[in-house]
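Undergrad: Here's my sequence, what's the structure:
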Amino acid sequence: MTLSSSLSVLADAASDGRAGARENARIADVRALVALELSEVEAIVARHIGEGVVPATDSARHLFESGGKRVRPLALLLACACFGAIDARARDLAAAAELVHMATLLHDDVIDDGDERRGRPTSRRIWGNAVSVLAGDLLLVEALRLGCRAHAETWSELVATLGRLVDGEVVQLRGRHSVSLAEATYFEILRGKTASLFEWSLRAGAREGGAGRAAIDALGRFGEHLGMAFQLVDDVLDYESQHSGKTMFADLLEGKVTLPLIWASHACSLEDLVSRVRAGDETAAAALAEQVRASGACGRVRDLALSETAAALRELDLVPDCRPREVLRDVAAGLAARLG
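TA: The predicted model follows:
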């Protein structure tokens, strides 16, 4: 696995010509700044995957070796580096963040009957649902083992974050029975399933680096806004890709509703199309995706994603001026650049 997979939030913008000399220099800056630490985090994750028993370890390792952005551990390490040296405990916490994220992916694939992730068959397709659930549980146990060695506040916040992740998943699961087009439900899921782990990662890193309360809170808010922007960007790109109809078909069958669809439903009645998609009508899925695009909802969600990014960047004003802070700034800006 190469470090480039960990930096894809920035590198994607560079690869398609949207990044100039400054952005390309920042990518090199990340490599120089945290390359060794990220490599050590990867080793910690691999070691803790091996703490379990076969075949759960095989299932978890399959997902781990599929790659990933590693945005959460990267952000945690950078938050720590804003205030102090990245020590062994910070690397452990970064590994814990990735272990939790991987656990949620294994569980999500079981809940969603997912067949492919990161271009490979999901673990559940190879080892079955039971093994994949237990593999996710294994990763959560190892994350807790790492997290309990940290500051008491970091540990208690990790447990609270796991609760928010579960609550978000349960709320989303209700959509299997009755799809909700309520905006409040969407944001409840978004904050629970996506933003909460970003928030914890930034708070944990800042605290480990020796930050004061105000800076810890600011970086936590940065993480929350970053997580919100991260998902909102994905929601928009789902509709702007050539496979958006298929994506909508799969999402609705899994009870997942994204903000472009919710906002489009305010402008025109989409209940009939939603019902037909839920019944398995792929033609209706393509028609629904086109209706959402035509409504202008994607543009509004794009604006909200940019607003969340701007809010995240404002929180960095309470962080000392340093290279890690500027890299965090560019990680957030890199997310927005995907909308360019």
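Undergrad: can you give me the helices for the stretch 151-300 of the chain?
TA: 152-173, 183-190, 196-209, 213-240, 244-253, 259-267, 271-278, 282-295, 297-315 (DSSP state H, counting those that start in this stretch).
Undergrad: quick one, which of the ones you listed is packed in tightest?
TA: Sort those by mean neighbour count, taking mean count of other CB atoms under 10 Å, and helix 196-209 sits at the top with a mean of 28. Glycine gets a C-beta too; all of them are placed from N, C-alpha and C.
Undergrad: Could you figure out how far it is turned away from helix 183-190?
TA: Relative orientation of helix 196-209 and helix 183-190, computed by axes from the mean of the first three to the mean of the last three CA atoms, to 10 degrees: 50 degrees.
Undergrad: Helix 196-209 - contacts with which helices or strands?
TA: Applying 3 or more CB pairs under 8 Å, 6 or more residues apart in numbering; DSSP states H and E, one finds that helix 196-209 contacts helix 71-81, helix 88-111, helix 152-173, helix 213-240.
Undergrad: what residues are up against A332?
TA: F222, H225, L226, A229, T309, A312, L313 (CB atoms under 8 Å, 6 or more residues apart in numbering).
Undergrad: Any idea which of the helices of the stretch 151-300 of the chain gets closest to D137?
TA: Nearest to D137, of all the helices of the stretch 151-300 of the chain, is helix 152-173, at 11.7 Å by CB to CB.
Undergrad: so where's the stretch 1-150 of the chain uncertain?
TA: Under the criterion pLDDT under 70, the flagged ranges of the stretch 1-150 of the chain are 1-33.
Undergrad: where exactly do the strands run in it?
TA: Ranges of strands in the stretch 1-150 of the chain, per DSSP state E, counting those that start in this stretch, are 116-117, 120-121.
Undergrad: and of those strands, who's closest to D251?
TA: strand 116-117 (14.6 Å).
Undergrad: Just checking: what are the partner strands of the closest one?
TA: Strand pairing for strand 116-117, determined by DSSP bridges: strand 120-121 (antiparallel).
Undergrad: which residues touch the partner strand?
TA: Here strand 120-121 has contacts from H62, S66, D115, using CB under 8 Å, 6+ apart.
Undergrad: at 6 Å instead, please
TA: With contacts defined as CB atoms under 6 Å, 6 or more residues apart in numbering, strand 120-121 is touched by S66.
Undergrad: what does stretch 259-270 give?
TA: Stretch 259-270 is contacted from outside by L181, E183, Y186, D235, Y239, V292, S295, A297, C298, R300, V301, using CB under 6 Å, 6+ apart.
Undergrad: ok, A95 touching I44?
TA: Yes - assessed by CB atoms under 6 Å, A95 is found in contact with I44 at 3.9 Å.
Undergrad: So for the two, which residue has more residues nearby?
TA: Under the criterion of other CB atoms under 10 Å, the comparison of A95 against I44 puts A95 first, with 25 against 21.
Undergrad: Name all residues that make contact with that one.
TA: Residues counted as contacts of A95 (CB under 6 Å, 6+ apart) are V41, I44, V45, L146.
Undergrad: tell me the contacts of the residue lying closest to R221 once chain neighbours are set aside?
TA: Closest residue to R221 apart from its sequence neighbours, by CB to CB, 6 or more residues apart in numbering: E315 at 4.8 Å. Listed by CB under 6 Å, 6+ apart, the contact partners of E315 are A218, R221, F222.
Undergrad: State the distance from the last one to L158.
TA: What that stands for is F222. 18 Å (CB to CB, to the nearest Å).
Undergrad: next one: the second one
TA: Shown here: R221 relative to L158, a distance of 18 Å by CB to CB.
Undergrad: end-to-end on stretch 204-213?
TA: 12 Å (CA to CA, to the nearest Å).
Undergrad: ok, the nearest residue to T104 once chain neighbours are set aside to A35 distance?
TA: Distances taken as CB to CB, 6+ apart put L165 closest to T104, at 6.1 Å, once the chain neighbours are dropped. Using CB to CB, L165 is found at 29 Å from A35.
Undergrad: Mind checking the strands of the stretch 1-150 of the chain for the one nearest to A287?
TA: Relative to A287, the nearest member of the strands of the stretch 1-150 of the chain by CB to CB is strand 116-117, separated by 24.8 Å.
Undergrad: Show me how far that closest one is from its chain's centre.
TA: Strand 116-117 has its C-alpha centroid displaced from the chain centroid by 16 Å (CA atoms, centre = their mean, to the nearest Å).
Undergrad: Next, the contact list for the most centrally placed residue in the chain, please.
TA: By CA atoms, centre = their mean, the chain has its centre lying nearest to T194, at 5.3 Å. Each residue near T194 by CB under 6 Å, 6+ apart is listed here: G227, Q231.
Undergrad: ok, now with 8 Å
TA: Contacts for T194 (CB under 8 Å, 6+ apart) come out as G168, G227, M228, F230, Q231.
Undergrad: Out of these, the closest to A337 would be?
TA: The shortest approach to A337 among those belongs to F230, at 12.7 Å (CB to CB).
Undergrad: isn't S180 right up against V257?
TA: Yes - in this structure, S180 is within contact of V257 by CB atoms under 8 Å, at 6.6 Å.
Undergrad: Give the residues shared as contacts by the two.
TA: What both S180 and V257 touch, as defined by CB under 8 Å, 6+ apart, is the set Y186.
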